[in-house]
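Trainee: What would the 3D arrangement of this be:
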Amino acid sequence: MDRINALFPLWAILFSALAYAMPSLFVPLKEMIVPLLGFIMFCMGMTLLPKDFKEVVRRPKVIALGIVLQFTLMPLGAYVIAHLLGFPALLIAGFILVGTAPGGTASNVMAFLAKGDVALSITLTACSTLLGVILTPYLTLFLTQEVVEVNALAMLMSIVKIVFFPVALGVGVNYFLCQKVEKVQRLLPTLSIVGIVLIIAIVVALNQSKILEVGAWVALGVVMHNTLGLVLGYFLSKMAGFEEKIARTIAIEVGMQNSGLAVALAAKYFGALAALPGAIFSVWHNVSGSLIASYWGSRSEKEQEQG
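Mentor: Residues are numbered from 1 along each chain as shown. Have a look, this model is predicted:
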């Protein structure tokens, strides 16, 4: 399973290519985007226990820095980049939704590979996911009100249904049926990857006619946005006085967004074109995350051998 999971970017690219070549296979599945995301959030919940939130009390300054960077650096970065590249209104809205989304679940795996602080990564993902229930719709409203209309309350209720309830249910199942859940926990990342790959393929199929026109520019914006999060997340953490392990973790957590949520909300409230930035981000942040995690991980191993 680990080998299959490690090839996630390849699966995403292959299914994106298939969806582009044969959109009729995936367009009929467009109503499945929200249920698929709810399932992914449920899988995330089943990897968490109430004790995972104790890190908030134990290390409040680190958690606070990660959350503040998540919900300031990434939304503002998305706003600036989208306008800098001259995106049309719907793409601006979709791009900003990527920026206002909470941290992505794949960040926990990348933190492990980067020899970061996995417990901190899990806590940051969980906290940003819960805070995102309120912050994502209202930050989106604040940053997009000049280009599109946003029903923030309706978006909040959607996030409650497709994020909060599934995550809470997953945590509850893991808490009360811990021994049974342990038997299937190794399958959860793979099931989540299947869900994300399907979501990406559906969005690509829905935008097949427009990808040649805007795809390259959106991809450029995604690379800029993700790089901004990784680089500034790392250096701002170091400037704040935190050790290397924590800086790596915060960088990965800030740079990797829950782009699946951005896709689902964009498709529901703005249309298929607005979901394109999230779909491309889903592929790219796993590629960049894998590369930087491998670099940091190998560097740590060399330092240990030399030490």
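Trainee: Could you check how far residue 184 is from residue 237?
Mentor: Computed as C-beta to C-beta, to the nearest Å, the residue 184 to residue 237 distance reads 35 Å. (Each C-beta comes from the backbone N, C-alpha and C, glycine too.)
Trainee: what's the answer for residue 64, then?
Mentor: 12 Å.
Trainee: And the contacts of the helix or strand containing residue 96?
Mentor: Taking DSSP states H and E as the definition, residue 96 sits inside helix 89-100. Outside helix 89-100, the residues that touch it by C-beta atoms under 8 Å, 6 or more residues apart in numbering are 71, 74-79, 81-83, 87, 132, 135-136, 139-140, 143-144, 147-148, 150, 214, 218, 221-222, 225, 257, 259, 262, 265-266, 270-271, 273-278, 281.
Trainee: Give me the buried stretch members for it, please.
Mentor: 90, 91, 92, 93, 94, 95, 96, 97, 98, 99, 100 (16 or more other C-beta atoms under 10 Å).
Trainee: average pLDDT across the helix or strand that contains residue 221?
Mentor: Applying DSSP H and E as the criterion places residue 221 in helix 208-239. Mean per-residue pLDDT for helix 208-239: 91.
Trainee: what's the answer for stretch 252-265, then?
Mentor: 89.
Trainee: again with stretch 169-189
Mentor: On average, stretch 169-189 scores 82.
Trainee: Going by neighbour count, list what's buried in it.
Mentor: Those would be 170, 171, 174, 181, 188, 189, for stretch 169-189 by 16+ other C-beta under 10 Å.
Trainee: just to revisit the earlier point, would you convert the buried residues of helix 89-100 into JSON lines that also reports distance to residue 111 and pLDDT?
Mentor: Compiled in JSON lines, the buried residues of helix 89-100 are given as follows (distance: C-beta to C-beta, whole Å; pLDDT from 0 to 100):
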{"residue": "90", "distance to residue 111": "33", "pLDDT": "92"}
{"residue": "91", "distance to residue 111": "30", "pLDDT": "93"}
{"residue": "92", "distance to residue 111": "31", "pLDDT": "94"}
{"residue": "93", "distance to residue 111": "30", "pLDDT": "94"}
{"residue": "94", "distance to residue 111": "27", "pLDDT": "94"}
{"residue": "95", "distance to residue 111": "25", "pLDDT": "95"}
{"residue": "96", "distance to residue 111": "26", "pLDDT": "95"}
{"residue": "97", "distance to residue 111": "24", "pLDDT": "94"}
{"residue": "98", "distance to residue 111": "20", "pLDDT": "94"}
{"residue": "99", "distance to residue 111": "21", "pLDDT": "96"}
{"residue": "100", "distance to residue 111": "22", "pLDDT": "95"}
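Trainee: which one among those gets closest to residue 13?
Mentor: residue 98 (18.7 Å; C-beta to C-beta).
Trainee: Please name the residues that touch the closest residue to that closest one other than its chain neighbours.
Mentor: Nearest residue to residue 98, sequence neighbours excluded (C-beta to C-beta, 6 or more residues apart in numbering): residue 262, at 4.4 Å. By C-beta under 8 Å, 6+ apart, residue 262 lies in contact with 94, 97, 98, 100, 101, 275, 277, 278, 281.
Trainee: Residue 262 belongs to a strand, doesn't it?
Mentor: No - counting by DSSP: H, G, I helix; E, B strand; the rest coil, residue 262 is not part of a strand but helix.
Trainee: Look up how far residue 254 lies from it.
Mentor: 15 Å.
Trainee: Show me how far the strand or helix carrying residue 182 is from its chain's centre.
Mentor: For residue 182, the enclosing helix or strand under DSSP H and E is helix 178-184. Mean-position distance between helix 178-184 and its chain equals 25 Å (C-alpha atoms, centre = their mean, to the nearest Å).
Trainee: I would like the residues contacting it, please.
Mentor: So helix 178-184 is contacted by 46, 49, 173, 174 (C-beta under 8 Å, 6+ apart).
Trainee: Repeat that for stretch 34-41.
Mentor: In contact with stretch 34-41 (C-beta under 8 Å, 6+ apart) are residues 105, 129, 158, 161-163, 165-167, 170, 191-192, 195-196, 198-199, 260-261, 263-264, 268.
Trainee: Name only those of these that count as buried.
Mentor: Using 16+ other C-beta under 10 Å, the buried members of these are 105, 129, 158, 162-163, 166-167, 170, 192, 195-196, 198-199, 260-261, 263-264, 268.
Trainee: Let's see which of the residues you listed end up in helices.
Mentor: Under the assignment DSSP state H, the buried ones among the contacts of stretch 34-41 contribute 129, 158, 166-167, 170, 192, 195-196, 198-199, 260-261, 263-264, 268 to helices.
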